[in-house]
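Enquirer: mind looking at a prediction? Sequence and model below.
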Amino acid sequence: MKTFSPTPEHIEHKWFVVDAQDQILGRLASQIAHRLRGKHKPEFAPNTDNGDVIVVINCEKIKVTGTKPAHKKYYSHSGYVGGLTEVTLEKQLDEKPAEVLRHAVRGMLPKNRLGRAMLKKLKIYAGPSHPHTAQDPKPLSFQY
């Protein structure tokens, strides 16, 4: 018996839509990363991108627990001296709610070209509508 190694001809990327309303940020991000990576499929291989395409709607209504809205900070540096900027989670959710979920999912994917390709299959929208109706995404809900 030979070991099966999936090739691009064997891979089928299905489309799913996830409603992020009242979901907890970390739990949702881990389930999305699991699906983007393709670990739920029996033909999973760590060196191939055989995950699904995930469309997330209502990301502005995502929840976090504890004191994270006031105390969790996102940092970025411009490269210049004194160029460190920090933004709290609360302010980031008001200004760019999609980036909060994208940042959480990105941290759970591989840190290489394959991980960047997987992240391109994540589509995040703040409202209840999305422009991907032609792909006929199936609704997907997680157990928590």
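Expert: Cool, got the structure.
Enquirer: show me where this protein has its helices.
Expert: 25-37, 68-71, 89-95, 97-106, 113-119 (DSSP state H).
Enquirer: so of these, which one's packed in deepest?
Expert: helix 25-37 (a mean of 20; mean count of other Cβ atoms under 10 Å). To be clear about C-beta, it is placed using only N, CA and C from the backbone, and glycine gets the same treatment.
Enquirer: quick one, what contacts Tyr74?
Expert: By Cβ atoms under 8 Å, 6 or more residues apart in numbering, the contact list for Tyr74 reads Glu86, Val87, Thr88, Leu89, Gln92, His103.
Enquirer: repeat for Ile32
Expert: Val18, Ile54, Val56, Leu101, Val105, Leu122.
Enquirer: could you dump the helices of the chain to JSON lines with mean pLDDT and distance to His130?
Expert: JSON lines is the format used below for the helices of the chain (pLDDT from 0 to 100; distance: least, Cβ to Cβ, whole Å):
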{"stretch": "helix 25-37", "mean pLDDT": "97", "distance to His130": "15"}
{"stretch": "helix 68-71", "mean pLDDT": "95", "distance to His130": "26"}
{"stretch": "helix 89-95", "mean pLDDT": "96", "distance to His130": "19"}
{"stretch": "helix 97-106", "mean pLDDT": "97", "distance to His130": "12"}
{"stretch": "helix 113-119", "mean pLDDT": "96", "distance to His130": "17"}
